[in-house]
Structures are given as structure tokens and as C-alpha cells.
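In: next come a sequence and a model predicted from it.
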Amino acid sequence: MTNTHCPFFGRCGGCVYTQSADYLPMKKKWVEEALAHKALSAPIEDVKPTPLHVRRRVTFAFRKNLFGFHALKTHTIVSVTDCPVLLPPLAELIEPLRALLTPFHATGSVFATWTDAGADIAIDADMTPHLEQIEALTTFCQQHNIARLTFNDMPMYQAVNLPFAPKSFMQPSQEGERLLTQQVTAWAKGSHYAADLFCGLGTFTRPLQDMGLQVEAFDSNAPAIAALSQQATAYVRDLFRDPLSTDELSKYDLVVLDPARAGAMAQCQTLAPSRVAKVIMISCHLGSFARDARILVNGGYRLEKVAPVDQFIYSRHLEVVALFAKTS
């Protein structure tokens, strides 16, 4: 992406890089540097790119007549009229959402996810809508293919029953999810019994099951586990405060971890001395990834390889998938 693709580049805090010959090699270098910081090294594949116009979830900010994204590292809202990173149907909601919310004279956020049934919208604001505003919300939903809308977690509109709760986490794009899943399933071959930790809605649980693996999934998000339980063996568990113990892990020959940005330090501390043959870690934060990788390596794992995926194009973020094998 060059500046001509987006008139808001340089003001909006989303994209901080443009497309260039050294863009993807730069992101690969980030992985090398993060590992080196923890005295680690491993073969690193070239960064797999994702294209423009595919991001399916987004958080907008609004205040008074401003609607858009925060400027980099500030609370200043940059009003935008388009975003070339987003799926077109999500980008097309920017102006209607601005028109809807400006009369509310409120400050807040809009979490929007594009689903097969239309947009899933969750609005959080510093006010409670009155009857006229509720009617405006309903009219907006009917006019713009909205599957579901909540306001401050209160249901306001539902055209279809979605199989997950509002604001549920999912990978930013189907293309990125496909790349991650392909990598995880390729490295999972030969395994039989897996624990999918920080599983969310089952991004990796179901593909692993489709391979013929027996899978048990764990996450602290009760609504996500409730949805996943319709298709898999899944348990509510706070893996930050109550990680699976080394003994509990002993029955698995594969552990898949996909923690949030904070990483999985507590879980890696019980996993490191375990006899689990293979660990696949997915991470969206290189700092916590390198820290957790060092814990596993100190416990007798070898970092076999790392595959970066540019899920967050033109941003300061990068997703990685890493394979660890028990050696001692």
C-alpha cells in the first residue's frame, strides 16, 4: 500500500508502513531480533502475506461528530470515510455508523465483525439510549444488513441466531486464519491426542478434529466454550491463573497454544517440564512469544521452526506460528 491507496495514511494509527520491497523482510527481521533477545534461534520462514480488503473485524472510536480510528498512541480520533484494509461491506458501514451515532452526542467504541449472516455490531458508549434512539438503531439495522446489534451489552436487534457471543474473538481475516490453520495442521501430523489451549471459538480445535485427532479444548471465555461444546470437548478454565498442571498434560502428545498478547507464561511453566512430544504456539506479540519460547527451551524443548504470518498488514504487529519438540 502506498499513500495514494489511503488518504488517511500518516494520521490514522492503523497503518504505519507502506508496501515496499523491504516490508516483509523487515517483519521477518523482527522475529529474528525477538528470538535473539532471549538467546534463541531457529529457521524462520519468509513472512506469508495477506492482501488488502480482507479484515473482517474492526474497532471504531467515536465522539460527537468524529468517527474513525485513534491516531497512533493517542486518544485523538481521526475521522475516516474508508479503510482499504477492511472487507468492503465493513468499510461501507463507516458513513452510516457516523450518521447513526452523531446525534447521540456520546463517546464510545463500535466493535464490528463481518459474518456470513451480515454485520455483528456491539456499541459501547457513555450513555443509555432513549426510545427514539433505540428506534434509530433498529432502523439502521434493518437498512444495512445487520445480523445483530448490542448497546452496552444490551440486545437491541437480532435478525439471526449467531453461534457466538457479541465481541467474541476471531482471527482478523479468513485468509489469515487459513494460513495459520494450514501451518498448525501440517505440523500436527503424526499426533493423536491434543490439548488446544486458549482455544476461543475453536479456530484450531475443529481442523485438528477433522484430521482425526482427539482434542480437548480449554479457554476462560464461557460463551465461546459454550458455543464450541456443540462440536467438541471443551472446558472453561482460566489458564492464566489455573494452567493445566504437568500431570494433567501428561496424557497429550500435542499441545496447541494461542494466547492473547500477554502470552502464556504460567501455562508454559507447567508445560516446560512435561513429556508432551510436540508443542505448537501461535502468538501475536513477539515479546511474550520469545519469553514463553525461552521457558519451553529451558525445560527441554527445541525450537524447531517459526512461520510468520502478516495478519496485521502495514501495522507494527505480526503473527507467528512456532513448532517445539521435546528433546530431554
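Out: Structure's in. What do you need?
In: and R302, what element?
Out: strand 301-309 (DSSP states H and E).
In: other SSEs contacting that strand?
Out: helix 23-37, helix 174-188, helix 286-298, strand 319-326 (3 or more Cβ pairs under 8 Å, 6 or more residues apart in numbering; DSSP states H and E). No exception for glycine: its C-beta is placed from N, CA and C like everyone else's.
In: average pLDDT across it?
Out: Over the span of strand 301-309, the pLDDT mean works out to 98.
In: what angle separates it from helix 23-37?
Out: Direction vectors for strand 301-309 and helix 23-37, defined by axes from the mean of the first three to the mean of the last three Cα atoms, to 10 degrees, enclose an angle of 160 degrees.
In: list the buried residues in strand 301-309.
Out: By neighbour count on 16 or more other Cβ atoms under 10 Å, the buried set for strand 301-309 is Y301, L303, E304, V306, A307, P308, V309.
In: dump these into CSV; add distance to S315 as well.
Out: Putting those into CSV (distance: Cβ to Cβ, whole Å) gives the following:
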residue, distance to S315
Y301, 30
L303, 25
E304, 27
V306, 19
A307, 19
P308, 13
V309, 13
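In: where does pLDDT dip in the stretch 1-150 of the chain?
Out: When the per-residue scores of the stretch 1-150 of the chain are filtered using pLDDT under 70, the ranges that remain are 1-4.
In: now do the SS call for Q133.
Out: With DSSP: H, G, I helix; E, B strand; the rest coil as the basis, the three-state label of Q133 is helix.
In: that one reaches F104, doesn't it?
Out: Yes. The pair Q133 and F104 passes the contact test of Cβ atoms under 8 Å, sitting 6.1 Å apart.
In: chain neighbours aside, what residue packs nearest to G176?
Out: Take G176 and drop its neighbours on the chain: the residue closest to it by Cβ to Cβ, 6 or more residues apart in numbering is Q311, 4.1 Å away.
In: correct me, but that neighbour touches R178?
Out: No. Proximity of Q311 to R178 does not meet the contact threshold set by Cβ under 8 Å, at 11.0 Å.
In: now the helices for the stretch 151-300 of the chain?
Out: Secondary structure of the stretch 151-300 of the chain (DSSP state H, counting those that start in this stretch): helices at 174-188, 205-210, 222-228, 246-249, 265-271, 286-298.
In: now P223: closest residue in space, sequence neighbours ignored.
Out: If you skip the residues right next to it in sequence, P223 has A165 as its closest partner in space, 3.6 Å away by Cβ to Cβ, 6+ apart.
In: what's the end-to-end length of stretch 231-243?
Out: Across stretch 231-243, the terminal residues are separated by 23 Å (Cα to Cα, to the nearest Å).
In: buried stuff in that stretch?
Out: In terms of neighbour count (16+ other Cβ under 10 Å), stretch 231-243 has its buried residues at A232, A234, R237, L239, F240, P243.
In: residues in contact with the nearest residue to the fifth one once chain neighbours are set aside?
Out: Counting by Cβ to Cβ, 6+ apart, A266 is the residue found nearest to F240 once chain neighbours are left out, at 5.8 Å. Residues in contact with A266 (Cβ atoms under 8 Å, 6 or more residues apart in numbering) are L239, F240, R241, P243.
In: could you check how far the last one is from S41?
Out: It refers to P243. Spatial separation of P243 from S41 under the definition Cβ to Cβ, to the nearest Å is 27 Å.
In: for the nearest residue to F289 once chain neighbours are set aside, list each beta-bridge partner.
Out: If you skip the residues right next to it in sequence, F289 has S283 as its closest partner in space, 3.7 Å away by Cβ to Cβ, 6+ apart. On DSSP bridges, the residues paired with S283 through beta bridges are V320.
In: confidence score at the residue nearest to F240?
Out: Looking at A266, its pLDDT reads 98.
In: return the residues in contact with the residue nearest the centre of the chain.
Out: Compute the mean C-alpha point of the chain, and by Cα atoms, centre = their mean the closest residue is Q171, 4.1 Å away. For Q171, the set of contacting residues under the criterion of Cβ under 8 Å, 6+ apart consists of E177, L180, T203, Q311.
In: would you turn the helices of the stretch 151-300 of the chain into JSON lines with distance to M154?
Out: Conversion of the helices of the stretch 151-300 of the chain to JSON lines gives the following (distance: least, Cβ to Cβ, whole Å):
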{"stretch": "helix 174-188", "distance to M154": "29"}
{"stretch": "helix 205-210", "distance to M154": "30"}
{"stretch": "helix 222-228", "distance to M154": "16"}
{"stretch": "helix 246-249", "distance to M154": "38"}
{"stretch": "helix 265-271", "distance to M154": "34"}
{"stretch": "helix 286-298", "distance to M154": "34"}
